[in-house]
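**Q** Give me the fold of what follows.
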Amino acid sequence: MPRETRQEIRQRKHVRVRKKVFGTPERPRLCVYRSLNHIYAQVIDDVQGRTLVAVSTLAPEFRGGEGSRKNAEAARGIGKLVAERALAQGITKVVFDRGGNLYHGRVAALAEAAREQGLDF
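**A** Here you go, the predicted model:
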């Protein structure tokens, strides 16, 4: 019997999280995806199926900068940027979707930075 890969385990966890976490127009979902090299954050309205805000370390604000784009410092920058853009659109409350990852390291850094900027979750 073949063993599950890390990605398959994460996807199963994400399905369990998504059973409970749902984004509405009043309280959209802040979804985080963490790859080996980058981190992505989206604010999603699941009722309409629309992405309201999207930010990643691939954004022009992070290109050409000093240091790594795959550490907790970059995740904090993404958290601040996603919160600023969400607040600019009038979004103050969100539900947090950790994407099947542990609430630790880069995922936690992004969430804490978004909270510090004023997002409520």
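**Q** Can you list the low-confidence ranges for this protein?
**A** The chain contains residues with pLDDT under 70 at 64-67.
**Q** Helices along that one, start to end?
**A** For the chain, helices defined by DSSP state H occupy the ranges 6-20, 72-88, 106-117.
**Q** count of neighbours near Arg106?
**A** Using other C-beta atoms under 10 Å, Arg106 has 20 other residues around it. C-betas here are computed from N, CA, C, even on glycine.
**Q** what number of residues lie near the closest residue to it other than its chain neighbours?
**A** Nearest non-adjacent residue to Arg106, counting by C-beta to C-beta, 6 or more residues apart in numbering: Ala75, 4.0 Å away. As a burial measure, Ala75 scores 26 neighbours (other C-beta under 10 Å).
**Q** Was I right to think Arg12 contacts Gly100?
**A** Yes: counting by C-beta atoms under 8 Å, Arg12 touches Gly100, with 7.4 Å between them.
**Q** So between those two, which is more surrounded?
**A** Legend: neighbour count by other C-beta under 10 Å for Arg12 and Gly100, higher for Gly100 (20 against 11).
**Q** Surely the more buried one and Arg10 touch.
**A** Yes: in terms of C-beta under 8 Å, Gly100 counts as a neighbour of Arg10; the distance is 4.1 Å.
**Q** and the gap between the residue most central in space within the chain and Gln42?
**A** Taking C-alpha atoms, centre = their mean as the criterion, Val32 is the residue nearest the geometric centre of the chain, at 2.3 Å. As judged by C-beta to C-beta, to the nearest Å, Val32 and Gln42 stand 8 Å apart.
**Q** count of neighbours near the closest residue to Gly79 other than its chain neighbours?
**A** The shortest distance from Gly79 to any non-neighbouring residue, by C-beta to C-beta, 6+ apart, is to Ala113 (2.9 Å). With neighbours defined by other C-beta under 10 Å, the count for Ala113 comes to 21.
**Q** Could you pull up the residues touching Ala113?
**A** Ala75, Arg76, Gly77, Ile78, Gly79, Lys80, Ala83 (C-beta atoms under 8 Å, 6 or more residues apart in numbering).
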